[in-house]
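1. Predicted model, plus sequence, below.
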Amino acid sequence: MKTAYGVSALDLNVTKDLCAFLATFRYEDLPLAAVHEAKRGLLDWIGCALAGSRHKTIDMLLAVLRNVGSQPHATVLGRALKLGLLEAPIANGQMGHVLDFDDTHMGGVVLHASSPILSALFALSDRGGIDGKRLICAYVAGFEAGVRAGQGAPKHHDGGWHLTGTLGAIAAGAACGRLLGLDAQKLTYALGIATTQAGGMQQNRGTSCKSLHAGKAGSSGVLAALLAEQGFNSSEEILEGKRGFTRIYSTESEPEAIRAELGQRWEITRNGYKPYACGVVLHPLIDAVIAAAKQAKTPSASVAKIELEVHPHAVKITGVDNPQSGLMSKFSVNHAAAVSYIDGNAGIAQFSDERSGNAEVLALRRKVTVETVENFGKDEAKATIVTASGERHVVHIPHASGTVANPMSDAALETKFLGNAGAAIGSERAKKIIDLAWRLDALTDVRDITQACA
């Protein structure tokens, strides 16, 4: 008899169908755009991780992981260090996300997919025997699982969950299962084991914990796949079940969305990349303020007001009025507008502890006003600079730079990568990694990349 109890089968087969597809699609089934996006994503993420490898948060993390870790099998990027298969993804995943400079998928979810997925895949790949095509398939599978799970739980973000921690665990579990060559049944288990570990709270924005979510998600994915490989099981309806992910992590459940256009729409092709090192919903207003500042050509002391019109999410996600640290400033509309006006940029330096307490920045923050516009897109904003003399300079950005509708070029990604990686490993090694990334599908051993990043 069917009951309301959580493990009573619904027989919708959503999780099983998804995992059957993820376990069996071939590299040859992937469109060229998906393969190219995998190369772009890998290059961008490595750069972000190397840039984050010297952050003080990582120093604290590694001080602990060195003491509690298991056998050192996996490379920690930029640190000349190896940790265990479960610890290295925590370190690399947190490195990749700590500067909030890593890629962002906005196709119905707001997910930093690469930090959990690639931190997990790199750890497993360090055991050897993994070629570039196999890594690409696993990377693509992770995007499919993580993004589609989010699309099946449309109110998941509204509940206060940090999607990079929750959906990231699902994505990493699927990716690792695919990398290990699990069959459909065991991949279903891997997805279930990963999903039951899903966690991460938005309350921790601006703290050391936010980027820890990415690392823990990657580690959870590795553990899930290794357990499933041994026959460790889970619910086969972990996504759609009565007490499954889409039911309990969201007030609305649309499990049928998980299978929509499966094999036709590849989620990795809808990934976005960040030109700015802060919350992605701030990017359109940063574009607008930088452009308006070029028109105004006036010092910040001569600015009377910066008037912003933004999507409601920009305030909901990044509405910190008076950030007290660099990490917290990455979630401040006022800070982003002020510092981008003054510096004409919004890179790593603009969201440092020093810049968040700068007197000129603090003075301009107080002149920023924000109005939300319901019918704006998430990547849309308008900025009006009002000078002390009454001049008005208005710029409207329909699509922020780096989004699917206004993408960063390969050349721009290379420039970003060199800026991020060069300081950590030097320009010559950075250039070698660029070459390896663009030749990813031809590599016979992915360790060529991890060794270059060590």
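-> Cool, got the structure. None of the values given here were measured: they were computed from a predicted structure.
2. contacts, neighbours, all on C-alpha from now
-> Will do.
3. Strands of the stretch 151-300 of the chain, residue ranges please.
-> 271-272 (DSSP state E, counting those that start in this stretch).
4. Mind giving me the packing neighbours of the helix or strand harbouring Asn67?
-> Secondary structure assignment for Asn67, by DSSP states H and E: helix 56-68. Helix 56-68 is packed against helix 88-97, with contacts defined by 3 or more Cα pairs under 8 Å, 6 or more residues apart in numbering; DSSP states H and E.
5. what does the domain assignment say about this structure?
-> The record's domain split for the chain, according to automatic domain parsing, is 14-273+419-453, 280-397.
6. The closest residue to Ala296 other than its chain neighbours: how many residues sit nearby?
-> Excluding the flanking residues, the one nearest Ala296 by Cα to Cα, 6 or more residues apart in numbering is His393, at 6.3 Å. Per other Cα atoms under 10 Å, the neighbour tally for His393 reads 18.
7. quick one, phi psi at His393?
-> Main-chain dihedrals, His393, degrees, to the nearest 10: phi -120, psi 120.
8. on that earlier part again, list the buried residues of the helix holding Asn67.
-> Within helix 56-68, the residues that qualify as buried are Thr57, Ile58, Leu61, Leu62, Leu65, counting by 16 or more other Cα atoms under 10 Å.
9. Closest one to Gly231 out of these, please.
-> Of all the buried residues of helix 56-68, Gly231 sits closest to Leu65, with 28.1 Å by Cα to Cα.
10. could you measure the closest one against Ser115, distance?
-> As judged by Cα to Cα, to the nearest Å, Leu65 and Ser115 stand 18 Å apart.
11. ok, now Leu30?
-> Distance, Leu30 to Ser115, by Cα to Cα: 22 Å.
12. For these two, indicate the residue with more neighbours.
-> Neighbours per residue (other Cα under 10 Å) separate Leu30 from Ser115, with Ser115 holding more: 35 against 16.
13. and the nearest residue to that one once chain neighbours are set aside, how many neighbours?
-> Of all residues beyond its chain neighbours, the one nearest Ser115 is Gly93 (4.8 Å), with distances taken as Cα to Cα, 6+ apart. Other residues lying near Gly93 total 32 when counted by other Cα under 10 Å.
14. Same check on Ser219?
-> Around Ser219 sit 30 other residues, with neighbours defined as other Cα under 10 Å.
15. do you know how far it is from Leu191?
-> Going from Ser219 to Leu191 by Cα to Cα gives 13 Å.
16. Packing partners of the next helix or strand after the helix holding Asn67?
-> Using DSSP H and E, the next helix or strand after helix 56-68 towards the C-terminus is strand 74-76. Under the contact criterion of 3+ Cα pairs under 8 Å, 6+ apart, strand 74-76 touches strand 81-83, helix 88-97, helix 114-125.
17. go with 10 Å
-> Under the contact definition 3 or more Cα pairs under 10 Å, 6 or more residues apart in numbering; DSSP states H and E, strand 74-76 sits against strand 81-83, helix 88-97, helix 114-125, helix 447-453.
18. closest one to Ala423 among those?
-> With Cα to Cα, the closest approach to Ala423 among those belongs to helix 447-453: 12.3 Å.
19. by contact count, what packs against that closest one?
-> helix 32-52, strand 74-76, helix 114-125, helix 410-425, helix 427-438.
20. what does it contact?
-> Identification of contacts with helix 447-453 by Cα atoms under 10 Å, 6 or more residues apart in numbering yields 46-47, 49-50, 74-80, 122-123, 125-132, 421, 424-425, 429-430, 432-437, 440, 443.
21. Include distance to Leu22 when you put the buried residues of helix 56-68 into CSV, please.
-> What follows is the buried residues of helix 56-68, written out as CSV (distance: Cα to Cα, whole Å):
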residue, distance to Leu22
Thr57, 35
Ile58, 33
Leu61, 33
Leu62, 34
Leu65, 32
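22. Distance to Arg178 and pLDDT added to those, as TSV?
-> Shown next, in TSV, are the buried residues of helix 56-68 (distance: Cα to Cα, whole Å; pLDDT from 0 to 100):
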residue	distance to Arg178	pLDDT
Thr57	31	97
Ile58	29	98
Leu61	29	98
Leu62	28	97
Leu65	27	96
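23. with those residues in mind, which one is nearest to Leu364?
-> Distance to Leu364, by Cα to Cα, is smallest for Thr57 among the buried residues of helix 56-68, at 28.6 Å.
24. surely the closest one meets Leu212?
-> Yes - at 9.4 Å, Thr57 counts as touching Leu212 under the criterion of Cα atoms under 10 Å.
25. Overlap of the contact sets of those two?
-> Common neighbours of Thr57 and Leu212 (Cα under 10 Å, 6+ apart) are Gln94, Met95, Val98.
26. Of the buried residues of helix 56-68, which is the nearest to Val35?
-> Using Cα to Cα, Ile58 is the member of the buried residues of helix 56-68 that lies nearest Val35, at 31.0 Å.
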